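>>> No letters, just coordinates:
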């Protein structure tokens, strides 16, 4: 029996090794494709003499991003400074939106009245175009970080709330019967059963919400900005400074990738049982 | 001599809503299980066996009828953590290891009893002492089901409800587990209501078998088993070869065949 189990475990480690190999090859193919695309882009811009205010060559974008010119507002330090502000707004909004969504979903799962009251309002928030709300937020909260954080929170809120609610409700009824058979309190059922059961649903929402929060922050910066990558894009666009626009977009993409990767790592750590149970 | 009552269900009728009408799942069912007795419920699919078990355990409210378990309502038994339930599926939580799964219900209940010493003896009893830190996905089907038995037994239940506890296992594991289940029940002395599809299982594990008919769910026959004397004399697995076993087996099978003939007869 022990041999069987140890064999099973070593098989799993074997699976992990193969998993890492396949992940590496999964990464290498798109990277090679991206490199080819950049090279073709560079050549085509050179051959057709495309003006840099229409489509700058990648070499110019990388120069703008990493080395900058003689101007103060270019180079990696400049983009990192603005990127940090955008990241701060996105992460703050993401966390506030997620926590509020989780708390509301946990109230809704225990109260039919609250469910019927809050759900339509949440749908109202979802269907309202956020771009239309930003000017109002600027009037109410000024030009600081607050309106941008609120927009990021609002955009994060809906997917996390819906998935948390579905997760809390997706508990196996027979397991619930087991908890009822010992007269377990609602709090114990929630803490020991509903929350862990809902984690795969919540993380699925967080994966979607993380890049959405960056979009929320950017939209906020378009309207209010003198700081953040959103405002960098608006100013550069007005000046037809396309290398700067592309450089800001690259940093934004990196922020999105970084946030999503953090969520995936946290998910793998917290829901370790999901993948292994599925493999089984 | 008057028999002390373990489980007393009187006039249980239960409706389920179905397409704007009501489906009668159980009609006027009365079941008495003596203190420490094991009673099996057997019958065709959809006859309301599991519904009856859930009502007895107090996890489903009957439309009509009364239930007393050891002189208390099922809810009072739940409050005192004296009830163990075992389902067909092991229902182990995948994020908890064996030890945590066994302790889950007793720690979620209102009893404040110390579980550590009980846990170790239970782990020894189910033969999983060295697997206490393993997660469900690292265990075989039989091991998982043993953990779910331990999860019920750690409560020291005075009443045990089992809903097809072995039906998800293969035939060999099922034979082994059947014996373990018998021993565990004997050790705990709990009043037990067992729902099963297997005639063998019902005969080997119980003192009495209730055969249920369907449409609406009702008790059609009660058959006494009384093989406990034989079990003490022979190997548990050899009981199936005895004449006494065959006599009861034929009786239960005839009763089930009679029900299916009635079900198949077209109603004019």
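Received it, and whenever you're ready, just let me know what you need. Since this is a predicted model, take the numbers as computed values, not measurements.
>>> Run through the residues of the stretch 101-250 of chain B sitting next to chain A.
For the stretch 101-250 of chain B, the contact set with chain A under CB under 8 Å from any CB of the partner chain comprises B:104-106, B:108-111, B:130-131, B:134-138, B:155. Just so you know, the C-beta spots here come from the backbone N, C-alpha and C atoms, and that holds for glycine as well.
>>> Write the PyMOL selection for whichever of the residues you listed are buried.
Selection of the buried residues among those in PyMOL, burial being defined by 16 or more other CB atoms under 10 Å in any protein chain shown:
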select buried, chain B and resi 104+105+106+108+109+111+131+134+135+136+137+138+155
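>>> Take the residues of the stretch 101-250 of chain B next to chain A and keep only those in helices.
B:104, B:105, B:106, B:108 (DSSP state H).
>>> isn't the first one right up against residue A:188?
Same thing as residue B:104. No: counting by CB atoms under 8 Å, residue B:104 does not reach residue A:188; the two are 9.9 Å apart.
>>> Look up the pLDDT of the residue lying closest to residue A:145 once chain neighbours are set aside for me, please.
Counting by CB to CB, 6 or more residues apart in numbering or on different chains, residue A:145 lies nearest to residue A:89, which is 5.8 Å off, once chain neighbours are set aside. pLDDT recorded at residue A:89 is 95.
>>> Ok, residue B:234 next?
Value listed for residue B:234 in the pLDDT field: 63.
>>> Secondary structure class of residue B:161, three-state.
Put simply, residue B:161 is strand when judged by DSSP: H, G, I helix; E, B strand; the rest coil.
>>> burial count for it?
Residue B:161 has 30 neighbours, counted by other CB atoms under 10 Å in any protein chain shown.
>>> Tell me the bridge partners for it.
With DSSP bridges as the criterion, residue B:161 is bridged to residue B:85, residue B:193.
>>> So it sits against residue B:83, correct?
Yes: between residue B:161 and residue B:83 there is a contact under CB under 8 Å: 7.2 Å.
>>> those helices in the stretch 101-250 of chain A, which residues are they?
A:112-127, A:130-141, A:146-169, A:173-181, A:186-189, A:195-224, A:229-238, A:242-270 (DSSP state H, counting those that start in this stretch).
>>> anything in the fourth one near chain B?
Yes: shown here: helix A:173-181 in contact with chain B (CB under 8 Å from any CB) through A:174, A:175, A:177, A:178, A:179, A:180, A:181.
>>> same deal with the third one?
No: contact of helix A:146-169 with chain B (CB under 8 Å from any CB) is absent, the minimum separation being 13.4 Å.
>>> Pick out the residue of chain B closest to chain A.
Per CB to the nearest CB, the residue of chain B with the smallest distance to chain A is residue B:109, at 3.3 Å.
>>> Next, give phi and psi for that residue.
phi -80, psi -170 (degrees, to the nearest 10).
>>> got the contact list for it?
Counting by CB atoms under 8 Å, 6 or more residues apart in numbering or on different chains, residue B:109 makes contact with A:182, A:183, A:184, B:81, B:155.
>>> Run the chain-centre distance for the one helix or strand residue B:41 maps to.
Using DSSP states H and E, the secondary-structure element containing residue B:41 is strand B:38-42. Relative to the centre of its chain, strand B:38-42 is centred 7 Å away, using CA atoms, centre = their mean, to the nearest Å.
>>> Give me the angle between the helix or strand following it and strand B:159-163.
Using DSSP H and E, the helix or strand that follows strand B:38-42 in sequence is helix B:49-57. Per axes from the mean of the first three to the mean of the last three CA atoms, to 10 degrees, the angle that helix B:49-57 makes with strand B:159-163 is 160 degrees.
>>> Strands along chain B, start to end?
Ranges of strands in chain B, per DSSP state E, are B:5-18, B:21-34, B:38-42, B:64-69, B:83-86, B:159-163, B:191-196, B:208-213, B:218-224.
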